[in-house]
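S.K.: The amino acid sequence is not available; the structure is as follows:
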DNA sequence: GAAATTCGGACTAATGCGGTCCAATTAGCC
DNA sequence: GGCTAATTGGACCGCATTAGTCCGAATTTC
């Protein structure tokens, strides 16, 4: 019941992007600086996030990233799913997996989708704006 | 976002106990037989479950286990917590852990308790009776 | 007193995960 | 038109948590 640290990092990175919102692009190096996450890890995460449609990437010189959608339209559930795959408590609900010995005689199995939906909607109700920090300091300049 | 297979097993075992409800004791061997879970693993799990107060154990010859409370009064959240510890999405919310580089400047941290409560209540709303299978065949005899 | 059963801890193997690096592609700039 | 800077995507490796097993001690019944 704990999300992987990569997913945790992804949430932190997305909030950092949200603070820089206004359309400003930010590259992987800056992002690593601000969040304290090692650069190679940032690279791996932005790769997954942009292929999931949460970030829009501009490559080449002067390139970088920005949110593909307004922060209010991005939920925690989407970020987690982009990194960890579909939210499912057990592996037996994924189709194509048949490594459970009970398979079919299991009285618990039909109830997992209900649990999964409950958990997922709990995460889907939390938008990026809700966790990005109070007012968005888009134009604020750090004291340093 | 996936629970460990031990927690998964624990849920299956608890539902098996719930079906044998009526006060009948069931020993670890029978439980392993019914669920298909290897015996040593069953032993480890019942140990944790009974020390968490979910199962009541009677040792000695003819001993065994039974539910400490009616199935309706036991929730999924309790079972998961008995095996995996407190439900928390990130490790930074546990007191005593200070291994996060951001610590204090992190704008996401104060929002995790809200997420944790949302997820936990989703699991707490699901009782053992809801997943133990339709009618409880307390006195039914398998065809074999 | 002997047999049966739980209890608790220690130990081992392996799967998965976090993390790093490198080659390829693409866009801006001189 | 060539060069530089930046993202992209994949392969790779070491570590850590976890699953699973086993054994000795305690306890109750027959």
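M.R.: Received it, and whenever you're ready, just let me know what you need. Not measured: the values here are computed from a predicted model.
S.K.: just checking, what packs against the helix ranked longest in chain A?
M.R.: Ranked by residue count under DSSP state H, the longest helix found in chain A is helix A:5-19. If contacts are counted by 3 or more C-beta pairs under 8 Å, 6 or more residues apart in numbering or on different chains; DSSP states H and E, helix A:5-19 sits against helix A:28-35, helix A:39-51, strand A:64-67, helix A:76-84, helix A:128-131. Every residue, glycine included, has its C-beta placed from N, CA and C.
S.K.: Are the first one and DNA strand C in contact anywhere?
M.R.: No. Contact of helix A:28-35 with DNA strand C (C-beta under 7 Å from any atom of the strand) is absent, the minimum separation being 9.3 Å.
S.K.: Give me the mean pLDDT for that helix.
M.R.: Taken as a whole, helix A:28-35 has an average pLDDT of 88.
S.K.: buried set for it?
M.R.: A:28, A:31, A:32, A:34, A:35 (16 or more other C-beta atoms under 10 Å in any protein chain shown).
S.K.: Any idea which residue of chain A lies closest to DNA strand D?
M.R.: As assessed by C-beta to the nearest atom of the strand, DNA strand D sits closest to residue A:57 within chain A, at 2.4 Å.
S.K.: For that residue, which non-adjacent residue is spatially closest?
M.R.: residue A:50 (4.6 Å; C-beta to C-beta, 6 or more residues apart in numbering or on different chains).
S.K.: hang on, isn't the one you found packed against residue A:58?
M.R.: No. Here residue A:50 does not reach residue A:58: they are 10.1 Å apart, not a contact under C-beta atoms under 8 Å.
S.K.: pLDDT value on the residue of chain A closest to DNA strand D, please?
M.R.: 89.
S.K.: Any part of the host helix or strand of it near DNA strand C?
M.R.: For residue A:57, the host element (DSSP states H and E) is strand A:55-58. Yes. Contact between strand A:55-58 and DNA strand C, assessed by C-beta under 7 Å from any atom of the strand, occurs at residue A:58.
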